[in-house]
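sharing a model prediction with you, sequence too.
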Amino acid sequence: MNRPPSPSTVLLVEDDESLRKVLGKELARMGHQVHTREHANDLPAVLQKCEPDVVLLDLHLPGLGGMEALRQVAMQDPELPIVVMTGHGTVALAVQAMQHGAFDFLTKPVTLDLLQQTVDRASAHGRLLRENLRLRRASAHASANALLVTNHSLSARRLDQQIARIAKASQSVLIAGESGSGKELVARRLHAGSARHDQPFVVVHCGAVPRQLIESELFGHVKGAFTGAEQKRLGLFEAADGGTLFLDEVGELPLDLQPALLRAVQFGEIRSVGSDQVRHVDVRLIAATHRDLRAKVQDGSFREDLFYRLAVLEIAVPPLRERPEDVRDLAKAFLAREAQRAERALTFDEAALDRLQQHTWPGNVRELENAIVRLGVLVDGPQVTAADIEAQVFGWRTRSTSTGELPTLDLHELESLAIRAALQRFSGNKPKAAAALGIALKTLYNKLNAAEEDKEPTGPGDG
């Protein structure tokens, strides 16, 4: 008997001890990792512990019956394939189990060849479902949850016109702007207005993916390409084939990976990690960065040829402080979304909107959005007042300083002090620090990276 191409973790639930031992031994001989149980009473906990790829489930079990166990597993993990086993006289019950979500059924006694074929098919099916789920999560259609940029300010109207014109083109686009200014929203609108609008829009954050995995994330890998690469994996370039790939914070891309990206942008050629086969994809590239890529080209940390391939068309997103007229409409839109989530009425009074508009919002749209989310959770009444904003949005900043006196008037230094204080308060926990600061985790990482780059290297002669 041939060894299966993809050994899996199998959970065998069978109350017949002799059959359980025989099947478990044969599955192990086929190369699978096998966990066995004689009942299904604690099945949810067992699933969490052993994380199987396939469940072999007898329908006649003591205690919790096989059909009820099937329903519980299907609710807990809809992508987990379940193969039910039954005797000759209960095939109708097996068919009923298929209608309730079972992948397939086996009639006992089962031949070893059929057992192996069924487990292999179920395992491959489960991997495909999980891969599709991963890609669906990475891929978001441009119209999904997209808040349109308001256009009351002159800069926003100009941006709106620019997006409408560039969306119809097919060339690569580089979007520049401060963290939190809405670069991804612009990218989604470019995709929505393009001829590719009904194709995938796939996002990858170049600074959030571990350096050793980003090549695999972009181009995929073959089985055995590196330690832990137990299965072939589709890359995000292929997931975006026919559509748009958005490279957020492309300035964080490692220099040694940039030649592969250049070839993908220039010729549409990609090669999975560990493979010598070149494949072609049809993808429009939209990249975004809060860094000065021209300066990075000058200092050698970003390839000049890649820069010009990405920046065929360029869009600069203005910070929120340069378009204060848009704050009111953005705040209303965010609050309407929070009201819908909370299933209750929520509105601003005019004084509250005036107070929001007075703030400079150094964290841009992201900071404003976080502030409105906080209000949606913490405000009791149906109307948000200026006093609510002072207490829930700006009050924590005042309370964070015991003396009430600023140690410096330098905004950059004040920001650094706030970040250090938040990290110290939460013992280095960055997600909690970002939440307390009212900024996105990505923004916090960007600011920490920028602070590291600003540090002067200390040489032997430095004192």
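Perfect, I can see it now.

where does Pro362 sit relative to Ala418, distance-wise?
Between Pro362 and Ala418 the distance is 10 Å, computed by CB to CB, to the nearest Å. Just so you know, the C-beta spots here come from the backbone N, C-alpha and C atoms, and that holds for glycine as well.

so the two - more neighbours on which side?
A side-by-side neighbour count of Pro362 and Ala418, using other CB atoms under 10 Å, places Ala418 first with 19 against 16.

next, count neighbours for the spatially closest residue to that one that is not a sequence neighbour.
Distances taken as CB to CB, 6 or more residues apart in numbering put Leu437 closest to Ala418, at 6.3 Å, once the chain neighbours are dropped. Around Leu437 sit 22 other residues, with neighbours defined as other CB under 10 Å.

wait, Leu437 sits on Ile419?
Yes: Leu437 lies in contact with Ile419 (CB atoms under 8 Å); the separation is 6.8 Å.

between these two, which contacts overlap?
Counting by CB atoms under 8 Å, 6 or more residues apart in numbering, the common neighbours of Leu437 and Ile419 are Leu444.

who touches the helix or strand hosting Arg157?
According to DSSP states H and E, Arg157 maps onto helix 154-167. Here helix 154-167 makes contact (CB under 8 Å, 6+ apart) with 149-151, 173, 186, 189-194, 313, 315, 317-318, 322-323, 325-326.

one more time with 10 Å, if that's ok
Residues from elsewhere that reach helix 154-167, judged by CB atoms under 10 Å, 6 or more residues apart in numbering: 142, 148-151, 153, 173, 175, 177, 182, 185-187, 189-197, 286, 312-320, 322-323, 325-326, 329-330.

packing partners of the helix or strand following that helix?
Where DSSP H and E defines the elements, the next helix or strand beyond helix 154-167 is strand 173-176. Judged by 3 or more CB pairs under 10 Å, 6 or more residues apart in numbering; DSSP states H and E, strand 173-176 is in contact with helix 154-167, helix 183-192, strand 244-248, strand 284-289, helix 293-298, helix 304-310, strand 313-316.

any idea which of those gets closest to Lys25?
Closest approach to Lys25 among these is made by strand 244-248 (47.4 Å; CB to CB).

ok, back up a step: how much space separates the residue nearest to Ala418 from Val384?
21 Å.

quick check: Val202 is in a strand.
Yes: with DSSP: H, G, I helix; E, B strand; the rest coil as the criterion, Val202 is assigned to a strand.

in stretch 329-340, which residues are buried?
Neighbour counts over stretch 329-340 (16 or more other CB atoms under 10 Å) mark 329-332, 334-335, 337-338 as buried.

which residues in the stretch 201-350 of the chain form helices?
Assigned by DSSP state H, counting those that start in this stretch, the helices in the stretch 201-350 of the chain fall at 214-219, 236-239, 258-267, 293-298, 304-310, 327-342, 350-358.

before we move on, back to that, so the helix holding Arg157 versus helix 327-342, what angle?
Orientation of helix 154-167 against helix 327-342 (axes from the mean of the first three to the mean of the last three CA atoms, to 10 degrees) gives an angle of 70 degrees.

how big is the angle separating helix 154-167 from strand 284-289?
Angle of helix 154-167 versus strand 284-289, following the same axes, to 10 degrees, is 150 degrees.

quick one on the thing from earlier: just the buried ones among the contacts of helix 154-167, please.
Burial of the contacts of helix 154-167 was assessed by neighbour count (16+ other CB under 10 Å); the buried members are 142, 149-151, 153, 173, 175, 177, 182, 185-187, 189-194, 196-197, 286, 313, 315, 317-320, 323, 326, 329-330.

after the helix or strand hosting Gly376, which helix or strand is next?
Assessed by DSSP H and E, Gly376 sits inside helix 364-378. As assigned by DSSP H and E, the chain's next helix or strand after helix 364-378 is strand 383-384.

got the contact list for whichever helix or strand comes after that next one?
Beyond strand 383-384 on the C-terminal side, the first helix or strand identified by DSSP H and E is helix 386-389. Contacts of helix 386-389 with the rest of the structure, by CB under 10 Å, 6+ apart, involve 331, 348-356, 358-359, 371-372, 374-375, 378-381, 395.

again with stretch 124-133
For stretch 124-133, contacts defined as CB under 10 Å, 6+ apart pick out 4-6, 8, 52-55, 77-82, 103-104, 230-234, 239.

show me which of those are buried.
Listed as buried from the contacts of stretch 124-133 are 4, 6, 8, 52-55, 77, 80-82, 103-104, 232-234, 239; burial here means 16+ other CB under 10 Å.

of those residues, which belong to helices?
If you go by DSSP state H, those have Ala239 in helices.

filter the buried ones among the contacts of stretch 124-133 down to the ones in strands?
Counting by DSSP state E, the part of those found in strands is 54-55, 82, 104.

max pairwise distance over those residues: which two?
Val55 and Asp104 (11.4 Å).

any residues in contact with both of the two?
Jointly contacting Val55 and Asp104 under the rule CB under 10 Å, 6+ apart are 81-84, 122.

from those, which single one is nearest Arg294?
Of all those, Arg294 sits closest to Pro81, with 51.5 Å by CB to CB.

enumerate every residue touching that closest one.
8, 52-55, 73, 101-104, 118-119, 121-129.

need the helices of the stretch 201-350 of the chain in JSON lines (columns: distance to Gly24 and mean pLDDT).
Below are the helices of the stretch 201-350 of the chain laid out as JSON lines (distance: least, CB to CB, whole Å; pLDDT from 0 to 100):
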{"stretch": "helix 214-219", "distance to Gly24": "34", "mean pLDDT": "85"}
{"stretch": "helix 236-239", "distance to Gly24": "37", "mean pLDDT": "87"}
{"stretch": "helix 258-267", "distance to Gly24": "45", "mean pLDDT": "90"}
{"stretch": "helix 293-298", "distance to Gly24": "57", "mean pLDDT": "94"}
{"stretch": "helix 304-310", "distance to Gly24": "53", "mean pLDDT": "95"}
{"stretch": "helix 327-342", "distance to Gly24": "48", "mean pLDDT": "89"}
{"stretch": "helix 350-358", "distance to Gly24": "64", "mean pLDDT": "93"}
